[in-house]
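In: coordinates only, sequence not included:
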DNA sequence: GTCTATACGGCGATAGAC
DNA sequence: GTCTATCGCCGTATAGAC
């Protein structure tokens, strides 16, 4: 609790909730856990946010907003070659997820448990626009499905190893080995994506 | 409730629990929901299973056991060519998941929320053995990591589209279109896997 | 803004009648 | 085997003192 000393109380609450919701999901988190993690009283949570669901929405919004920020920049560039863009996009996405490996499981679990949240927070729009951007960037305008397939392959291959990390740890029997394996995969992703566009 | 008329009560309970746990996760399911779905009284659940956790373990075991059954047969075959095996394995895995698209989200969510369950139910052993089998089948014995990467690519690319179906539905705006997209992906998976082994 | 106390319903689990 | 009734706890949310 309270690695969050320099923040405002509201910020401490959200950051604590973020940590907990990502690990345990909406249903797995108790308001008491959030209060303890933030180092404040349980009643105080309701002063800043009316309900548990309100805290959750703010968290989901923050997490999903940060997901594609770097990709947008790369896909908007006009100078880089296709190979460079693929390499940078893969690195960028791996980096984002490395910083918190629970992000993909969190987003995917919750979009399946409460699908309404996608439109409610405009996540579908974010994804549609990043795919369109990728389409332009790689001159795939003719077949719009190709852009979606490309994006889907990038996300699938990059996110999945992080999502099954607990399983990989058991299978390899060594967390260091797992980490090494995941980093090896980066190159496989790049190679696959390049193959896809030729 | 009770699409499960010809079953024993115990079977009705497990099948109802399976449906609900897969959709909502362990924390998202109430014993009352299981009872209603099975068409029995809430108290009766505890006659057949001591606790909610006991029901859950039985469900997780059943779901995870059925996951790789078909793959084992294919990887054990001695006559098929590599290309045939890849094609059949991909089809088989897609088929399994098509029958219940919540399976991958369920397995992955729960392995992250309660990692102990992997060893407890021997899921890690199952995965280790299927990877070894794939290694032999594709003569990847020299570099054992290659078998793991191959398996990971198969699973990632196949399962992911089903896991993000709610998002695809919003992005395409048309559930039929999503279904079509997912079936298109089967061919991409096969092509990617073949590229990987050459 | 922050805390204490409490309302009020829902939860998993058990006891016991049939 | 199945149901009813109920226990004891824990959940979110609110009211009100400081």
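Out: The structure has been received and is ready for your questions. This one's a predicted model, so the numbers in the text were calculated from it and none came from an experiment.

In: how about the residues of chain A by DNA strand D?
Out: A:29-32, A:42-43, A:46, A:50-53 (C-beta under 7 Å from any atom of the strand). The C-beta positions use only the backbone N, C-alpha and C, and glycine is treated the same way.

In: can you pick the most crowded of the residues you listed?
Out: Neighbour counts for the residues of chain A next to DNA strand D (other C-beta atoms under 10 Å in any protein chain shown) peak at residue A:29, which has 23 neighbours.

In: before we move on, what SS does the spatially closest residue to that residue that is not a sequence neighbour have?
Out: Nearest non-adjacent residue to residue A:29, counting by C-beta to C-beta, 6 or more residues apart in numbering or on different chains: residue A:20, 4.8 Å away. When classified by DSSP: H, G, I helix; E, B strand; the rest coil, residue A:20 comes out as helix.

In: okay, now residue A:20: neighbour count?
Out: 20.

In: on that earlier part again, so which of the residues of chain A next to DNA strand D would you say is closest to residue A:84?
Out: Nearest to residue A:84 among these is residue A:29, at 41.2 Å by C-beta to C-beta.

In: gap between that closest one and residue A:7?
Out: To residue A:7, residue A:29 is 19 Å away according to C-beta to C-beta, to the nearest Å.

In: same question, residue A:124
Out: 31 Å.

In: cool, residue A:157 as well?
Out: Distance from residue A:157 to residue A:7, by C-beta to C-beta: 35 Å.

In: more neighbours, these two?
Out: Each of residue A:157 and residue A:7 has its neighbours counted (other C-beta under 10 Å); residue A:157 has more, 24 against 15.

In: can you tell me the SS state at that one?
Out: From three-state DSSP, the assignment for residue A:157 is helix.

In: tell me the pLDDT of the closest residue to it other than its chain neighbours.
Out: Leaving aside its sequence neighbours, residue A:157 sits nearest to residue A:189 (C-beta to C-beta, 6+ apart; 4.5 Å). Note for residue A:189: predicted pLDDT of 98.

In: again, but for residue A:2
Out: Per the predicted model, pLDDT is 48 at residue A:2.

In: how does chain A divide into domains?
Out: A:9-62, A:66-196 (automatic domain parsing).

In: packing partners for the helix or strand containing residue A:193?
Out: Following DSSP states H and E, the helix or strand that holds residue A:193 is helix A:175-196. In this structure, helix A:175-196 makes packing contacts with helix A:82-99, helix A:144-163, helix A:165-172, helix B:144-163, helix B:175-196, judged by 3 or more C-beta pairs under 8 Å, 6 or more residues apart in numbering or on different chains; DSSP states H and E.

In: distance to residue B:129 for those helices - can I get that in a markdown table?
Out: Below are the helices and strands packed on helix A:175-196 laid out as a markdown table (distance: least, C-beta to C-beta, whole Å):
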| stretch | distance to residue B:129 |
| --- | --- |
| helix A:82-99 | 29 |
| helix A:144-163 | 20 |
| helix A:165-172 | 10 |
| helix B:144-163 | 11 |
| helix B:175-196 | 20 |
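
In: the ones you listed: which one's closest to residue A:119?
Out: helix B:175-196 (14.7 Å).

In: contacts for the closest one, please.
Out: A:145, A:148-149, A:152-153, A:188, A:192, A:195-196, B:82-83, B:86-87, B:90-91, B:94, B:149-150, B:153-154, B:157-158, B:161-162, B:165, B:168-169, B:172 (C-beta atoms under 8 Å, 6 or more residues apart in numbering or on different chains).

In: what's the ChimeraX line that selects buried ones from those residues?
Out: Selecting only the buried members of these in ChimeraX, with burial defined as 16 or more other C-beta atoms under 10 Å in any protein chain shown, works like this:
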select /A:148,149,152,153,188,192,196 /B:86,87,90,91,94,149,150,153,154,157,158,161,162,165,168,169,172
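
In: please report how far residue A:136 lies from residue A:74.
Out: Counting by C-beta to C-beta - residue A:136 and residue A:74 are separated by 12 Å.

In: oh, that last question was meant for residue A:83, not what I typed.
Out: 12 Å.

In: same deal with residue A:126?
Out: 16 Å.

In: kindly report the same for residue A:167.
Out: From residue A:167 to residue A:74 the distance is 30 Å (C-beta to C-beta).

In: ok so, going back, ok, which of the residues of chain A next to DNA strand D also contact DNA strand C?
Out: A:42-43.

In: for the residues of chain A next to DNA strand D, which one is nearest chain B?
Out: residue A:29 (8.8 Å; C-beta to the nearest C-beta).

In: follow-up on the earlier one: which one's more surrounded, residue A:136 and residue A:74?
Out: residue A:74 (21 against 12).

In: residues touching that one, list them.
Out: Contacts of residue A:74 by C-beta under 8 Å, 6+ apart are A:80, A:85, A:88-89, A:92, A:137.

In: flag the least confident of these.
Out: Scoring the contacts of residue A:74 by pLDDT puts residue A:137 last, at 94.

In: next to DNA strand C, which bits of chain A? Give me the list.
Out: Residues of chain A lying near DNA strand C (C-beta under 7 Å from any atom of the strand): A:9, A:40-44, A:47.

In: let's go with 10 Å and repeat that
Out: Proximity of chain A to DNA strand C (C-beta under 10 Å from any atom of the strand) is limited to residues A:8-10, A:12-13, A:35, A:38-48.

In: which among those count as buried?
Out: Looks like these have A:12-13, A:35, A:38, A:40, A:45, A:48 buried, using 16+ other C-beta under 10 Å.

In: low-confidence ranges, chain A, go.
Out: A:1-3 (pLDDT under 70).

In: again, only this time at 50
Out: A:2 (pLDDT under 50).

In: before we move on, back to that, Throw the contacts of residue A:74 into CSV and include neighbour count and distance to chain B, thanks.
Out: Shown next, in CSV, are the contacts of residue A:74 (neighbours: other C-beta atoms under 10 Å in any protein chain shown; distance: C-beta to the nearest C-beta, whole Å):
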residue, neighbour count, distance to chain B
A:80, 15, 24
A:85, 19, 19
A:88, 18, 21
A:89, 25, 17
A:92, 18, 19
A:137, 20, 18
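
In: ok, of the residues you listed, which one's closest to residue A:59?
Out: So of the contacts of residue A:74, ranked by how close each gets to residue A:59 (C-beta to C-beta), first place is residue A:92, at 22.4 Å.

In: fine by me, thanks again.
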